[in-house]
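Asker: from the sequence below, what's the structure:
(chains A and B)
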Amino acid sequence: MKKAIVVCGATATGKTELAVRCAAALNGEVISADALLVYRGLNVGTAKPTESERAGIAHHLIDVADPTDRFSVSDYERLALPVLERLLAEGKTPVVCGGTGFYLNALLYRRTLGGAPADENVRRKYQTVAEEKGKGYLHGLLREVDPVCAEKLHPNDVKRVIRALEIYETTGKRKSEQNDAPTPRFPFLAVAFDYPREELYARIDRRVDEMMRRGLVDEVRGLLRDGVPEDAQCMQGIGYKEVVEGMKNGYNQSIMSDIIKKNTRNYAKRQLTFFKKTENLHRLTPGDMQSAVREVIRLYDD
RNA sequence: GGCGUCAUAGCCAAGCGGUAAGGCCAAGGUCUGCAAAACCUUUAUGCCCCGGUUCAAAUCCGGGUGGCGCCU
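Answerer: As a prediction, the model looks like this:
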C-alpha cells in the first residue's frame, strides 16, 4: 500500500509549493486540509493556490462549500476520506497539505468525533443558558451528567462545555466514555518546515502585505455585497473578520494590516503548539525548496 | 528664567501611609462535529534618582533629573 504524505506546519511556511512539488514527483494529488480553503470566493485572504501554483496537479477539498455554509470537521472527514482512499487504491500518492490540525487528525486517525451530529437547537438552548445563568451554571449542568468530562473543561470554555452537553443530550452517552484511541487509518509521512520564530513572523508580515496589495478589502466587500452575512462562519477567518471590523470603524488599510499580522502570528503560534504533538513529524530545514523536496522523497522511499 | 503639573512592566493604566488592580502586547499551553474558532496559564522583591519623616512610603517632606502646559 502506498503511503500518504502529510505536509503540515504553521501558516506561511511554503506548504503549498512543497506539496505540489512532491505530488508532481511521486505521481500524486493534493488533498487540502484547511478550514478556509474549502470556501468558494475566499481567495486572496486564504492564499488559495492559483491555477499556476497548482501546476497541473489535481487539488481536492478546495472550493467545496459556499461562503454561507457552515462547514465542520465532520464535513471535511466525509469528503476527504473517500478521495484519499481512492487515490491509495489507484496507486497514487495522496499529498495531504494544510495547517488545520483538527482536520488533519480527523482524516489521519480513526475517531468518532463525539459520535453525535451538531444540533443547532440544542446549542442555542445551552448558549442561552450560559448567557442567562452564567458559565459556571452551565458547567455545573455538565458536572451532573458527565463529571469526568466537566473536570477536564474549564467553565469558561463554553463551546466545549456545550458540545459535551450536546453529546449527552442527543445520544444519552457521556463524552468521557468515548475514549477511542486515535488509530492511524493508513501509513503516512508527516513533514513540516521548521522556521526560526523571527523568520516565520517576517514571512507572515510579508504575506499579509501581499494580501492587502492583491485586494483583500475588495474581496471582503464583494462577499458582503453578494449576501454573505458578517457573522458567517467563514467570515471568522483571519483577514476577513479584521477587514469587516475595520470597515465598520473606518480604519485605514495600514491599521487593518497590522491587526491581521498580529492575529496571524498568534495563529501560527497555536499551530506550532498543536503540531508539537504530531508523532514522527519530520522537520525540514527551510530555505531551499529543492533540497526539501529531495528530503521528502528520500524519507518517503525509506 | 518663573509658576504649575506629571513621572508605576514593552505600551496604556489603577493606587493617595499597611506591603504593587486591570487592560494590551509577549511567551507557554489545551484541543474528539464552529478549530484561521474557542479556552487556560505566566509576566514589576518593585513604582525616575538622592536624602528625610514613620513601626511601615509608589503614596508624606526636601533636593535633583526628565516630559508637558502657562507666563516672561
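Asker: what mean pLDDT does whichever strand or helix holds A:Tyr168 get?
Answerer: Of the helices and strands defined by DSSP states H and E, A:Tyr168 is found in helix A:158-171. Mean pLDDT, helix A:158-171: 96.
Asker: can you check stretch A:231-250 too?
Answerer: Rounded to a whole number, the mean pLDDT of stretch A:231-250 is 96.
Asker: that stretch vs RNA strand B: in contact?
Answerer: Yes - part of stretch A:231-250 sits near RNA strand B under the criterion CB under 7 Å from any atom of the strand, namely A:Gln233, A:Gln236, A:Gly237, A:Ile238, A:Gly239. Just so you know, the C-beta spots here come from the backbone N, C-alpha and C atoms, and that holds for glycine as well.
Asker: of those, which is the most crowded?
Answerer: The most crowded member of the residues of stretch A:231-250 next to RNA strand B, judged by other CB atoms under 10 Å, is A:Gly239 (28 neighbours).
Asker: for that residue, which non-adjacent residue is spatially closest?
Answerer: Counting by CB to CB, 6 or more residues apart in numbering, the nearest residue to A:Gly239 once its immediate chain neighbours are dropped is A:Gly45, at 3.7 Å.
Asker: that neighbour: how many residues sit nearby?
Answerer: Counted with other CB under 10 Å, residues neighbouring A:Gly45 total 28.
Asker: separation between it and A:Ile238?
Answerer: From A:Gly45 across to A:Ile238, the span is 8 Å (CB to CB, to the nearest Å).
Asker: over to A:Gly56: give its phi and psi.
Answerer: Listed backbone geometry of A:Gly56 is phi 80, psi 0, with angles given as degrees, to the nearest 10.
Asker: now for it, how many residues are close by?
Answerer: Neighbour count of A:Gly56, defined by other CB under 10 Å: 9.
Asker: okay, the spatially most central residue of chain A: pLDDT?
Answerer: Nearest to the geometric centre of chain A sits A:Thr100, at 2.4 Å (CA atoms, centre = their mean). A:Thr100 carries a pLDDT value of 98.
Asker: can you list the residues of the stretch 101-250 of chain A near RNA strand B?
Answerer: When proximity is defined by CB under 7 Å from any atom of the strand, the stretch 101-250 of chain A lies next to RNA strand B at A:101-103, A:111-118, A:123, A:127, A:154, A:156-160, A:162-163, A:167, A:175, A:178-182, A:197, A:233, A:236-239.
Asker: weed out the non-buried ones from those.
Answerer: By the neighbour-count criterion of 16 or more other CB atoms under 10 Å, these include these buried positions: A:101, A:103, A:111, A:113-114, A:116, A:158, A:162-163, A:167, A:175, A:178, A:233, A:237-239.
Asker: can you tell me which of these are in helices?
Answerer: Among these, DSSP state H puts A:Gly101, A:Tyr103, A:Val158, A:Ile162, A:Arg163, A:Ile167 in helices.
Asker: just these now: which is nearest RNA strand B?
Answerer: For these, the residue nearest RNA strand B by CB to the nearest atom of the strand is A:Arg163; the value is 4.8 Å.
Asker: for the closest residue to that closest one other than its chain neighbours, what are phi and psi?
Answerer: Spatially, and ignoring its direct neighbours in sequence, A:Arg163 is nearest to A:Gly114 (6.6 Å; CB to CB, 6+ apart). The phi and psi values for A:Gly114, taken as degrees, to the nearest 10, are phi 90, psi -20.
Asker: brilliant, that's me finished.
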